[in-house]
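Undergrad: Here is the input, now give the coordinates:
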Amino acid sequence: MNWIPACSLDDIEQEGAMRFDHEGRTYAIYRAPDDSVYCTAGLCTHEAIHLADGLVMDFEVECPKHSGAFDYRTGEALRLPACENLKTYPVEVIDGEVRVALA
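TA: Okay, the predicted model is just below:
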């Protein structure tokens, strides 16, 4: 896999998210309550709003525009109006650096 450095683990609050842009695409990186880290496509599948600006609680992210929700571990759409799942990407954390496989 081609691992892309995205940020430091310390850049993401626990139960928070941050936006990561790479080669013209937007992603969202999440830090779960148990300190595990996940990455999804960065835009809501309903209306292309940045998910990193949404509310992150437990293992869900809520879109800031229409309150659609996703499980960021799997990308599953959990609440309307979101009905299309998010694409997810593998993440690894090495020495505090978060890296994402985008290939």
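Undergrad: Can you list the buried residues in stretch 9-20?
TA: Neighbour-count burial for stretch 9-20 flags 9, 12, 17-18, 20 (criterion: 16 or more other Cβ atoms under 10 Å). (Each C-beta comes from the backbone N, C-alpha and C, glycine too.)
Undergrad: Specify which member of the residues you listed is nearest to P81.
TA: A17 (19.7 Å; Cβ to Cβ).
Undergrad: Run through the bridge partners of the closest one.
TA: Y30 (DSSP bridges).
Undergrad: What of the one 4 residues further on?
TA: When assigned by DSSP bridges, D21 has beta-bridge partners T26.
Undergrad: Mind pulling up the pLDDT for it?
TA: Note on D21: pLDDT of 97.
Undergrad: now do H66
TA: On the pLDDT scale, H66 gets 92.
Undergrad: swap in F59?
TA: Per-residue pLDDT puts F59 at 96.
Undergrad: do the same with H46
TA: Reported pLDDT for H46: 93.
Undergrad: need the contact list for it.
TA: The contact partners of H46, by Cβ atoms under 8 Å, 6 or more residues apart in numbering, come to 63, 65-66, 68, 81-84.
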